[in-house]
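> Quick one, what's the 3D model for this:
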Amino acid sequence: MRSRLAPAALPFVALLLAAAAPHAGAAAGARKTTKNAKAGKQGQAPATRELDGSCTDSDGAALWWSPLAPSVGQPLRIMAVGDGGGDVTVTDPHGDAPALTTVRHDGPPASVSGAFTPTRAGSHQVIWRRNGKPIACRRIAVAAKPPAPATSVGANVWAAPHAWDRRYENLYSAWIAALFDAPIDQSVDFRPLHQALRDPARNFLYGYLGLREDDPKNKAAIAATPDCADLPYFLRAYFSWKVGLPFGFRDCDRGTESRPPRCTTFYSNDDPPSGKDTLAAVKGFFRQLANRVQSGSARTGLDDDATDYYPVPLERSALRPGTIYADPYGHVMVVVKWVDQTADKGGLLLAVDGQPDTSIGRKRFWEGTFLFANDVKSAGPGFKAFRPIARGADGKLEPASNAAIGGKGDAAHAPFSDEQKKVSADGFYARMGKLINPQGLDAEKAYRETLDALVEQMTVRVGSVDNGEKYQKEKGAGQVIPMPDGAKIFETTGPWEDYATPSRDMRLLIAMNVLLGFPDRIVKHPELFNLGGKSPAAVRDQIAKLHASLVGTRSIAYTRSDGSFQKLAVADLLARRAALEIAYNPNDCVEVRWGAGEGTPEYATCKRHLPPDQKAKMAEYRAWFHDARRPSR
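Model (predicted):
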């Protein structure tokens, strides 16, 4: 049986071999478990002989553990990943069964994870059962003391002895799902990303290498501060480093008005390291990644082979946690969870995204957040997966071509698909609607969920605008954030990128249009709804009345310039759509940024105004926001 744990630190190799292969000590432990179980010892797991004397797992039912080199007294995390659920049990060298509190994720892929703290050195046996039948088994060697990790660097940033096969792709998806997990009615917000990575309850790979690489008390710990374009790259690179997988990225331009971005030079973990020790080398690689990756990296053409991502089919099995979504205007999200439709509630597809201020938040799929248009010549939008990377005949790392992905002999990856190149925006949303809610939608429930999504978006904007206000107060009166020219207002660096909200505001305006157009959508796409025998027109009128009754009852609140709170109903903000077309500039006071009209009591506390030249620019660019369409580059 091969080991699937990354030997990133060479002194761990002997321990890994002991953990991965059946040996005398492990077999003795299994026999003792059998004896104790037959004696009726409460809580014992059945013996390994349930599996006909073997202790192995498979692609469809794989067992993983973290950290790489477990030791007595240190938490040991177990994750079972595969095609279905089940129960996981552990027995220690004396046959005792430590208690596991498990967490389940439905997937795909499904996973069951738990943790315990070993109290004895020696072989620990893990068995995964489904419907009472064992489907996977592994033995884990637990040392009496933690071994000293290797900190010296080699010829490359990190070694990659493993391949992106089905096991590792499944683990990656399960790791992403666990990292951003939370009840549906709770928000997921981190600023920055390393708040999640430094939480061992979330990050299955926390401290995996024994380098204190995620320990917040360690000054040398990995810092993770990606924005939207960097987020999926950082997650994939971090995971690849931890478990010994190949990772690479290309240098891409931003495209032109007539073509999507194109990419050239390929960088990978095989490159020479820049640091003097392991963490310094990895940090240097992550910095290089952040400096080179930008929104164009995800907007590459759908039929282009020389890219970091490739488009996947619009099928649930292909849209797994870790899949990205690239909108045509530069925003990027990472799929983290599917929620099945029930008799009471609609289904959900959830993703996380990063913002220029390094905050990470969870969003639901709907037209207001997942923008789609396939008539933008400067972009190839849609759902995409990381292109597999493997060693070629010359031993160098090479990204796979579109033709080679997901074909015969490649069960690990979703196949390349140009479906999203051919579908209209309306057809795209209809297709996704069927995937998320295959049983059809109750029109009233669907409207309420759309209203909920809009309120979520408005609430997130409160935090973004507040961040700009805090920055202005820290800098003091008279400080003006420079405003870029033209389309660069959507993609630049520095304080404007961090605190201006042109992209967010355009998405908000689109989201408002989606809510306002919801009643007419029932007539346009009746196949998406359960109409209860009523005509589409009758249901449309019913929902229009519901809309009028509810938009005044849902609200957000922001902090005005004088510190007082201002409550705004959804109805108020819908009425301010015109004002919100020119509300993205952080040099304006917060009241203007929420559309307060001159001469109103709300506006009276405004004390800061943007310079005349910036006001003139915003007037010129206003048509983009009115039409809710980004300009060509």
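> Residue 99: neighbouring residues, count only.
A total of 9 residues lie near residue 99 under the criterion other CB atoms under 10 Å. (C-beta placed from N, C-alpha, C; glycine too.)
> hang on, it packs against residue 115?
No. The pair residue 99 / residue 115 is not scored as a contact, 10.2 Å apart, by CB atoms under 8 Å.
> Output the below-cut-off pLDDT ranges for the stretch 251-400 of the chain.
Along the stretch 251-400 of the chain, the model assigns pLDDT under 70 to no residue.
> for it, what spans make up the helices?
Ranges of helices within the stretch 251-400 of the chain are 278-292, based on DSSP state H, counting those that start in this stretch.
> Likewise for the stretch 401-550 of the chain?
419-422, 425-436, 443-475, 495-499, 502-516, 518-524, 536-550.
> Just put these in TSV and tack on distance to residue 630, mean pLDDT and mean neighbour count.
Formatted as TSV, these follow (distance: least, CB to CB, whole Å; pLDDT from 0 to 100; neighbours: other CB atoms under 10 Å):
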stretch	distance to residue 630	mean pLDDT	mean neighbour count
helix 419-422	18	94	16
helix 425-436	14	93	17
helix 443-475	17	93	18
helix 495-499	16	91	20
helix 502-516	7	93	20
helix 518-524	23	94	19
helix 536-550	28	97	15
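> nearest to residue 405, of these?
Proximity to residue 405 (CB to CB) singles out helix 419-422 among the helices of the stretch 401-550 of the chain, at 14.3 Å.
> could I have that closest one exported to PDB, CA atoms only?
Extracted as PDB, the C-alpha positions of helix 419-422 are listed here (Å, rounded to 0.1, in the frame of the first residue of the first chain):
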ATOM      1  CA  GLU A 419     -20.600  24.600 -22.700                       C
ATOM      2  CA  GLN A 420     -20.400  28.100 -21.100                       C
ATOM      3  CA  LYS A 421     -19.000  29.500 -24.300                       C
ATOM      4  CA  LYS A 422     -22.300  28.600 -26.100                       C
END
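> Okay, residue 183 and residue 339: tell me how far apart.
To residue 339, residue 183 is 11 Å away according to CB to CB, to the nearest Å.
> tell me the contacts of the spatially most central residue of the chain?
With distances taken as CA atoms, centre = their mean, the residue of the chain nearest its centroid is residue 334 (3.5 Å). Counting by CB atoms under 8 Å, 6 or more residues apart in numbering, residue 334 touches 176, 231-232, 235, 321-325, 351-353.
> Residue ranges in the stretch 1-150 of the chain under the pLDDT threshold?
1-53.
> what about the strands in the stretch 101-250 of the chain?
In the stretch 101-250 of the chain, the strands defined using DSSP state E, counting those that start in this stretch lie at 103-105, 110-116, 122-130, 133-142, 189-190, 248-252.
> partners of the first one, with directions?
Here the strand partners of strand 103-105, with direction, are listed using DSSP bridges: strand 110-116 (antiparallel).
> what residues does the partner strand touch?
When contacts are defined by CB under 8 Å, 6+ apart, strand 110-116 is touched by residues 75-88, 90, 98-105, 128, 174, 177-178, 204.
> Buried subset of these, written for PyMOL?
Of the contacts of strand 110-116, the buried ones go into a single PyMOL selection, burial set by 16 or more other CB atoms under 10 Å:
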select buried, resi 76+77+78+79+80+81+82+84+85+86+87+88+90+98+100+102+105+128+174+177+178+204
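> Make CSV out of the contacts of residue 334 and add distance to residue 344.
CSV is the format used below for the contacts of residue 334 (distance: CB to CB, whole Å):
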residue, distance to residue 344
176, 27
231, 33
232, 33
235, 33
321, 24
322, 29
323, 27
324, 31
325, 27
351, 23
352, 26
353, 28
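> neighbour-wise, which of those leads?
Counting neighbours by other CB under 10 Å, the top entry in the contacts of residue 334 is residue 232, with 31 neighbours.
> ok, so what distance separates that residue from residue 385?
According to CB to CB, residue 232 and residue 385 sit 10 Å apart.
> Assign the residue nearest to residue 171 when sequence neighbours are not counted to helix, strand or coil.
In space, and not counting its chain neighbours, residue 171 is closest to residue 81: 5.5 Å by CB to CB, 6 or more residues apart in numbering. Classification of residue 81 by DSSP: H, G, I helix; E, B strand; the rest coil places it in strand.
> So residue 81 is in contact with residue 174, correct?
Yes. Between residue 81 and residue 174 there is a contact under CB under 8 Å: 4.5 Å.
> which residues are common contacts for these two?
The contact sets of residue 81 and residue 174 overlap at 109, 111 (CB under 8 Å, 6+ apart).
> Leaving out the residues flanking it, which one is nearest to residue 57?
Distances taken as CB to CB, 6+ apart put residue 136 closest to residue 57, at 3.7 Å, once the chain neighbours are dropped.
> ok, what's across the strand from the one you found?
residue 128.
> one step back: can you list the helices of the stretch 401-550 of the chain in JSON lines and add distance to residue 587?
As requested, the helices of the stretch 401-550 of the chain are exported to JSON lines (distance: least, CB to CB, whole Å):
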{"stretch": "helix 419-422", "distance to residue 587": "38"}
{"stretch": "helix 425-436", "distance to residue 587": "34"}
{"stretch": "helix 443-475", "distance to residue 587": "8"}
{"stretch": "helix 495-499", "distance to residue 587": "9"}
{"stretch": "helix 502-516", "distance to residue 587": "13"}
{"stretch": "helix 518-524", "distance to residue 587": "35"}
{"stretch": "helix 536-550", "distance to residue 587": "35"}
